[in-house]
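In: build me a model from this:
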Amino acid sequence: MLTISNYIKQGENQTQDFKFAIDDQKKIARTLVAFANTDGGRLLIGVKDSGKVVGCNPEEEFHMIEGAAQMYCKPLIEFKSQVHKEGFRMVLEVIVESNSKRPFLALDEEGKWKSYFRKDANTLLVNKILFKVWQYEARKTARPEKFSEEELSLLNLFENDAALTLSQLYRKSDLSMKSVDHWLALFVSWGLVEMKFEGEKAVYSSMELKV
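Out: Numbering: from 1, shown residues only. Got it, this is the predicted structure:
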């Protein structure tokens, strides 16, 4: 069984984040939402970004996390926690599981609900295509046995390009932006098109389409 020291040695990554302390519940709500929307994750409070254990007041930090999960996350984020002792210092471990109820959203400073996901050690804003992908996956939207001319016209755009951005798809396609958004999200949800993130920019490529 891994100890807290083993976890810290792994550094910050897609499923692990360090926090010196929680002083902004709306900000930490983004991390909780991102974990729930992606692969789940572990939050270690009382640990600097460098991995140095500085300790925390577990009871105070727990209430900050609890408030963030209940007031600034939608749906409410459920989490598990435990306290670890490193020498004379205490570290609060918070575990958020990946959840099929996604998309989860966090309330920002302007009072708007936005969705986030984890990419490597970063918490990023969900774009509209990924948001739609999750919605279609939740609805279990079925792939048709045969594609229409409209659908094929979009799929065929990937034949000569290794990867395309959404802006490039808008320019190359004769479809409306709304239709491109709709079909692209469905293609990703069906595993026909792959969506990758290069930094914060999403690019889309063929997955050996057989239509």
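In: residue boundaries of the strands in the protein?
Out: 16-19, 41-45, 73-74, 80-86, 89-96, 105-107, 113-114, 116-119, 122-125, 193-198, 201-206 (DSSP state E).
In: for residue 57, find the nearest of those.
Out: The closest of the strands of the chain to residue 57 is strand 89-96. By Cβ to Cβ, the value is 7.4 Å. Every C-beta, even on glycine, is put in place using the N, C-alpha and C of the backbone.
In: got a list of contacts for that closest one?
Out: Strand 89-96 is contacted by residues 4, 7, 32, 35-36, 40-47, 53-58, 61-62, 65, 77-85 when judged by Cβ atoms under 8 Å, 6 or more residues apart in numbering.
In: residue boundaries of the helices in this protein?
Out: 4-9, 25-37, 58-71, 128-139, 149-155, 166-172, 177-189 (DSSP state H).
In: show me what the fifth one is packed up against.
Out: Think helix 149-155. helix 177-189 (3 or more Cβ pairs under 8 Å, 6 or more residues apart in numbering; DSSP states H and E).
In: neighbours around residue 14, how many?
Out: Residues lying near residue 14 (other Cβ atoms under 10 Å) number 17.
In: give me the beta-bridge partners of the closest residue to residue 197 other than its chain neighbours?
Out: Using Cβ to Cβ, 6 or more residues apart in numbering and skipping residues adjacent in sequence, the residue nearest residue 197 is residue 119, 5.3 Å away. Beta bridges link residue 119 to residue 122 when assigned by DSSP bridges.
In: thinking residue 119 is in contact with residue 37, fair?
Out: No: between residue 119 and residue 37 there is no contact under Cβ atoms under 8 Å: 11.0 Å.
In: between these two, which is the more surrounded one?
Out: residue 37 (26 against 16).
In: enumerate every residue touching the most far-flung residue of the chain relative to its centre.
Out: Going by Cα atoms, centre = their mean, the residue of the chain most distant from its centre is residue 88, 34.5 Å out. Taking Cβ under 8 Å, 6+ apart, we find residue 88 in contact with residue 55.
In: ok, it to residue 54 distance?
Out: Separation of residue 88 from residue 54 (Cβ to Cβ, to the nearest Å): 11 Å.
In: the closest residue to residue 157 other than its chain neighbours: how many residues sit nearby?
Out: Using Cβ to Cβ, 6+ apart and skipping residues adjacent in sequence, the residue nearest residue 157 is residue 172, 5.2 Å away. Using other Cβ under 10 Å, residue 172 has 17 neighbouring residues.
In: so residue 54 makes contact with residue 48?
Out: Yes: between residue 54 and residue 48 there is a contact under Cβ under 8 Å: 5.9 Å.
In: right, I'll leave it there.
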